[in-house]
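Trainee: Got a predicted model here, sequence first, then my questions.
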Amino acid sequence: MWSSRVRSTAVVGVAMLALGACGGGESPTSNAKADGKPVVGGTLTYLEHQPPTCLYLPAAGFYPNGGLLNQLTDKLTWQNPKTLEIEPWIAESWEVNKDATEYTFHLRKGVTFSDGSPLDAAAVAANFDVYGLGDTALKLPPAEFVNNYERSEVVDPQTVTFHFKQSSPGFLQGTSVIGAGLVSLSTIKKPYEEQCQLKNVVGSGPFTVAKQIVDKEIDLAVRKDYNWAPKNSEHQGRAYLDAIKIIVTPEDNVRVGALTSGQADYVRYVQAYDEQTVKSAGFTIYAEPTRGVNNGLYLRPANSILKDIRVRKALQKGTNAKEVVDTLFTPSYPLATSVLSKLAQGYVDLSAKLTYDPEGAAKLLDEAGWALKDGVREKDGVKLQLGVFVAGPQPLSKQTLELVAQQWSKLGVKLEIRPADSGTQAVDIKNAEKTAVAHAMVGRADQDVIKSHFHTKNRDVILSNDPKLDKLLEEESALADKDQRNAKVAEIQNYVIDQGYAIPLFEEPQVYGVAPNVHGVAFEAVARPSFYNVWKS
């Protein structure tokens, strides 16, 4: 599979000329040497695989969005990516009542948004009233990281209390996620279509937007008066860099070629087949974990074929995830052993339920009445054919689906793979009959990630018609005791596998390539880059 890929040197050359014209990165072989002390100034050239989409914070989990918003907005709290502990940021301290229905945050003084307005209790309350409840008039959906929200209460200019209808133990961690970025009143009061636009995002972060060429380039400029990094950050004050040039570069070979030739400093989405190229050139690979629901295939029970649990279980047994990982990926992509990553909160090892068993799969399909005819199974004149879209954000999605399709074809199952840019995708992907299978994942370092993925009022990846699953997810999100919550997450993982709703493939990382003259590389808890500490020698 790897050897079939052909580089286009002409394309690489043209793209690198363009990058050079943009004032790209310094050569990694420059005579400048790091003496260990951060250098203030310079421009970082960062290549992104895809352009950002809607930047309304609760809807901005897409990695190109998050990598941008992480530089423009701050959060109430910071989740330490090493310990996963929640630490002070805009909130200096907080109290949570015993049943996790009331949270009070005490805010830092002197914090302002880039438009000069104060980041005070009123602004925080306005943000979370939208994140918790949405706003129908402005067409703003609520955030999936907030559960059971009732209201905010501005106690004084630096103190805000949030009230919940029932326990909401995930809320504290929720205040640290990318979707909880704080924006000014001028932003949060705009309708959805306007909040989606980068020009309307006014945050308090260490960088601001200097220029945008839609779908091509975004230039960020340092905010020189920034002085409210997370409390435990050794670095305080303004960011080291003067500017960041984000260039959308969809072609894998162009991104890697630009990095290794010194035209770019930092790139996201280094494909598995390019990791060794990057390392061999003396550059660093960062394969950062996303700590959430694993990359996998998610089967939709409302589909007329997949409504039969025997068919779903057959596809689960007939999928060789290890072959997918061994053929297409590297050790940066650990084989999935459950619905959740090993690093996820509440993970339980279900590898015994996920063994490859093609004979068992064929037996189940036989029992379900699907007879093999000319290589494809049929029942009542209907072929066992299922549709899936290539998932643009997922690494090597097309190749992964093609390999799974080969595996399923041995069972007599036809998987119809449709391109990610299909004109009907936006509609058909929400139709279980037309799109029986979804290729997806989601990252979040909290137990509620499983609710985000499966609940009918969140992402609802399986287009669920299972009220029991919704009930389990709602129970999990309202358990104040951590051990009880983890036990419920384990129960949900078992239920999802037992019902044949999920075929986990691998634990998906975000893979970056970085030049040797770039220092202070850091990521938040689910692998979005933070450029606040970055400097170039």
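Mentor: That came through fine. Computed from a predicted model, the values in this text were never measured in an experiment.
Trainee: hey, which helix is longest across the protein?
Mentor: The residue-count maximum for a helix in the chain (DSSP state H) belongs to helix 482-498.
Trainee: Now do that helix: distance to the chain's middle.
Mentor: 22 Å (CA atoms, centre = their mean, to the nearest Å).
Trainee: any idea of the mean pLDDT in it?
Mentor: For helix 482-498, the mean per-residue pLDDT is 98.
Trainee: now stretch 227-245
Mentor: Stretch 227-245 comes out at a mean pLDDT of 97.
Trainee: Then stretch 322-341?
Mentor: 98.
Trainee: So for that stretch, what gets flagged as buried?
Mentor: By neighbour count on 16 or more other CB atoms under 10 Å, the buried set for stretch 322-341 is 324-325, 328-330, 332-341. Using the backbone N, CA and C atoms, a C-beta is placed for each residue, glycine as well.
Trainee: Out of those, the closest to residue 131 would be?
Mentor: Residue 131 lies nearest to residue 340 out of those, by CB to CB, at 24.1 Å.
Trainee: Spit out the contact partners of the residue lying closest to that closest one once chain neighbours are set aside.
Mentor: Take residue 340 and drop its neighbours on the chain: the residue closest to it by CB to CB, 6 or more residues apart in numbering is residue 347, 4.7 Å away. Residue 347 is in contact with 338, 340, 341, 489, 493, counting by CB atoms under 8 Å, 6 or more residues apart in numbering.
Trainee: Who are the contact partners of the fourth one?
Mentor: Contacts were defined as CB under 8 Å, 6+ apart; by that measure residue 489 touches 340, 345, 346, 347, 348, 447, 450, 476.
Trainee: Quick one: neighbours of the closest residue to it other than its chain neighbours, just the number.
Mentor: Sequence neighbours aside, residue 346 is the residue nearest to residue 489 in space, at 3.0 Å (criterion: CB to CB, 6+ apart). Neighbourhood size, residue 346 [other CB atoms under 10 Å]: 22.
Trainee: Now residue 179: closest residue in space, sequence neighbours ignored.
Mentor: Among residues not flanking residue 179 along the chain, residue 58 sits closest, at 4.7 Å (CB to CB, 6+ apart).
Trainee: What number of residues are in the vicinity of the one you found?
Mentor: Residue 58 has 24 nearby residues by other CB under 10 Å.
Trainee: and what of residue 320?
Mentor: Residues near residue 320, counting by other CB under 10 Å: 20.
Trainee: you'd agree residue 388 is in a helix?
Mentor: No. Applying DSSP: H, G, I helix; E, B strand; the rest coil, one finds residue 388 to be strand, outside a helix.
Trainee: can I assume it is in contact with residue 440?
Mentor: No. Between residue 388 and residue 440 there is no contact under CB atoms under 8 Å: 10.5 Å.
Trainee: Please tell me how far the residue lying closest to residue 243 once chain neighbours are set aside sits from residue 518.
Mentor: In space, not counting the residues next to it along the chain, residue 243 is nearest to residue 43; the distance is 4.4 Å by CB to CB, 6+ apart. The spacing between residue 43 and residue 518, counted by CB to CB, to the nearest Å, is 12 Å.
Trainee: okay, those two: which has more neighbours?
Mentor: With neighbours defined as other CB under 10 Å, residue 43 and residue 518 compare such that residue 518 has more, 24 against 20.
Trainee: Local confidence estimate at that one?
Mentor: Residue 518 carries a pLDDT value of 98.
Trainee: again, but for residue 184
Mentor: For residue 184, pLDDT reads 98.
Trainee: just to revisit the earlier point, among the buried residues of stretch 322-341, which lie within helices?
Mentor: Short answer: the buried residues of stretch 322-341 in helices (DSSP H) are 324, 325, 328.
Trainee: Return the subset of the contacts of residue 489 lying in helices.
Mentor: Per DSSP H, the subset of the contacts of residue 489 in helices is 450, 476.
Trainee: Who are the contact partners of the residue nearest to residue 489?
Mentor: Taking CB under 8 Å, 6+ apart, one finds 340, 447, 450, 485, 486, 488, 489, 490, 493 in contact with residue 346.
Trainee: is it true that the residue nearest to residue 179 touches residue 135?
Mentor: No. Using CB under 8 Å, residue 58 is not in contact with residue 135, being 11.0 Å away.
Trainee: Any idea what residue 509 is bridged to?
Mentor: Here residue 509 sits in beta bridges with residue 289, going by DSSP bridges.
Trainee: quick one: it and residue 449, what's the gap?
Mentor: With distances taken as CB to CB, residue 509 is found 16 Å from residue 449.
Trainee: Likewise for residue 306?
Mentor: For residue 306, the distance to residue 449 (CB to CB) stands at 24 Å.
Trainee: So between the two, which is more surrounded?
Mentor: Using other CB under 10 Å, the more surrounded residue of residue 306 and residue 449 is residue 449, with 30 against 21.
Trainee: Leaving out the residues flanking it, which one is nearest to residue 169?
Mentor: Distances taken as CB to CB, 6+ apart put residue 100 closest to residue 169, at 4.7 Å, once the chain neighbours are dropped.
Trainee: Could you say which helix or strand holds the residue nearest to residue 535 when sequence neighbours are not counted?
Mentor: Spatial nearest neighbour of residue 535, excluding adjacent residues (CB to CB, 6+ apart): residue 240 at 3.8 Å. For residue 240, there is no host helix or strand (DSSP states H and E).
Trainee: What is the end-to-end distance of stretch 461-481?
Mentor: End-to-end span of stretch 461-481 (CA to CA, to the nearest Å): 27 Å.
Trainee: What of stretch 51-69?
Mentor: One end of stretch 51-69 sits 13 Å from the other (CA to CA).
Trainee: Enumerate the positions of that stretch that are buried.
Mentor: Of all the residues in stretch 51-69, those buried under the rule 16+ other CB under 10 Å are 51-52, 54-69.
Trainee: cool, and stretch 218-232?
Mentor: So for stretch 218-232, counting by 16+ other CB under 10 Å, buried means 218, 219, 220, 222, 223, 226, 228, 229, 230, 231.
Trainee: Which of those fall within strands?
Mentor: 218, 219, 220, 222 (DSSP state E).
Trainee: pLDDT added to these, as JSON lines?
Mentor: Shown next, in JSON lines, are these (pLDDT from 0 to 100):
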{"residue": "218", "pLDDT": "98"}
{"residue": "219", "pLDDT": "98"}
{"residue": "220", "pLDDT": "98"}
{"residue": "222", "pLDDT": "98"}
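Trainee: out of those, which one sits closest to residue 249?
Mentor: For those, the nearest to residue 249 is residue 218 (12.6 Å; CB to CB).
Trainee: does the closest one have beta-bridge partners, and which?
Mentor: For residue 218, the beta-bridge partners are residue 212, residue 246 (DSSP bridges).
Trainee: could you list every residue that touches it?
Mentor: Contacts of residue 218 (CB under 8 Å, 6+ apart): 52, 68, 198, 209, 211, 212, 245, 246.
Trainee: Generate a ChimeraX selection restricted to the buried subset of the residues you listed.
Mentor: Here is the ChimeraX command that selects the buried residues among the contacts of residue 218 (16+ other CB under 10 Å):
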select :52,68,198,209,212,245,246
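Trainee: For the contacts of residue 218, give me JSON lines that also has distance to residue 514.
Mentor: Output for those, formatted as JSON lines (distance: CB to CB, whole Å):
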{"residue": "52", "distance to residue 514": "21"}
{"residue": "68", "distance to residue 514": "18"}
{"residue": "198", "distance to residue 514": "25"}
{"residue": "209", "distance to residue 514": "23"}
{"residue": "211", "distance to residue 514": "24"}
{"residue": "212", "distance to residue 514": "24"}
{"residue": "245", "distance to residue 514": "15"}
{"residue": "246", "distance to residue 514": "15"}
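Trainee: could you pull out the strands for the stretch 51-200 of the chain?
Mentor: Assignment of strands within the stretch 51-200 of the chain using DSSP state E, counting those that start in this stretch yields the ranges 77-79, 86-88, 91-96, 102-107, 149-156, 159-164.
Trainee: which one of those lies closest to residue 235?
Mentor: Minimum separation from residue 235 across these (CB to CB) falls at strand 77-79, 13.0 Å.
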